[in-house]
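>>> coordinates only, sequence not included:
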């Protein structure tokens with residue numbers, strides 16, 4: 001019966017606590033791997049049954065790479081951590097794409113309530 005009790009205790013002991021990912025750890029690894037121009041790591045775990053993160057990475061290491069290849073690079077960088085993460089969302093941009101996106105956002109914010117830019 002001792003072995004049975006031990007098995008029961010072991011079953012209820014989380015196996016991933018020693019390798020729990022944190023936003024700081026993800027940020028550190030992504031910074032070392034991609035030397036990003038911009039990096040956001042947001043822990044969206046609140047209230048979920050597991051860990052969840054969203055990342056935005058802007059790096060010139062993504063130049064010329066298809067989206068799938070970029071995501072594979074990020075997944076490889078965080079291979080150990082991703083195993084323990086319940087949900088992981090990533091957005092990867094080149095510096096040129098990021099600049100374009102920011103300009104688009106600024107233009108949209110400058111339009112106020114207008115649904116579309118005014119035609120001239």
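Arrived safely, thanks for sending. Keep in mind it's a predicted model, so treat the numbers as computed, not measured. Residues are numbered from 1 along each chain as shown.
>>> Can you give me the distance of residue 26 to residue 77?
Counting by CB to CB, to the nearest Å, the separation of residue 26 from residue 77 is 9 Å. C-beta here means a position set from N, CA and C on the backbone, and glycine is covered the same way.
>>> between those two, who's got more neighbours?
residue 26 (23 against 17; other CB atoms under 10 Å).
>>> do you know how far the more buried one is from residue 108?
On the measure of CB to CB, residue 26 and residue 108 end up 29 Å apart.
>>> try residue 25
34 Å.
>>> More neighbours: these two, which one.
residue 25 (15 against 12).
>>> Assign a three-state SS to residue 65, would you?
Of the three states, residue 65 takes coil under DSSP: H, G, I helix; E, B strand; the rest coil.
>>> residue contacts, it?
By CB atoms under 8 Å, 6 or more residues apart in numbering, residue 65 lies in contact with residue 73.
>>> What confidence value was assigned to it?
What the model reports for residue 65 is a pLDDT of 98.
>>> Looking at strand pairing, list the partners for the residue nearest in space to the middle of the chain.
The centroid of the chain falls nearest to residue 55 when counting by CA atoms, centre = their mean (2.6 Å). Beta-bridge pairing of residue 55 under DSSP bridges involves residue 41, residue 90.
>>> so it makes contact with residue 93?
No. Assessed by CB atoms under 8 Å, residue 55 is found out of contact with residue 93, at 11.3 Å.
>>> Tell me, how many residues neighbour residue 20?
There are 12 residues near residue 20, going by other CB under 10 Å.
>>> Longest helix of this structure, counting residues only.
helix 95-110 (DSSP state H).
>>> Thanks again, I'm all set now.
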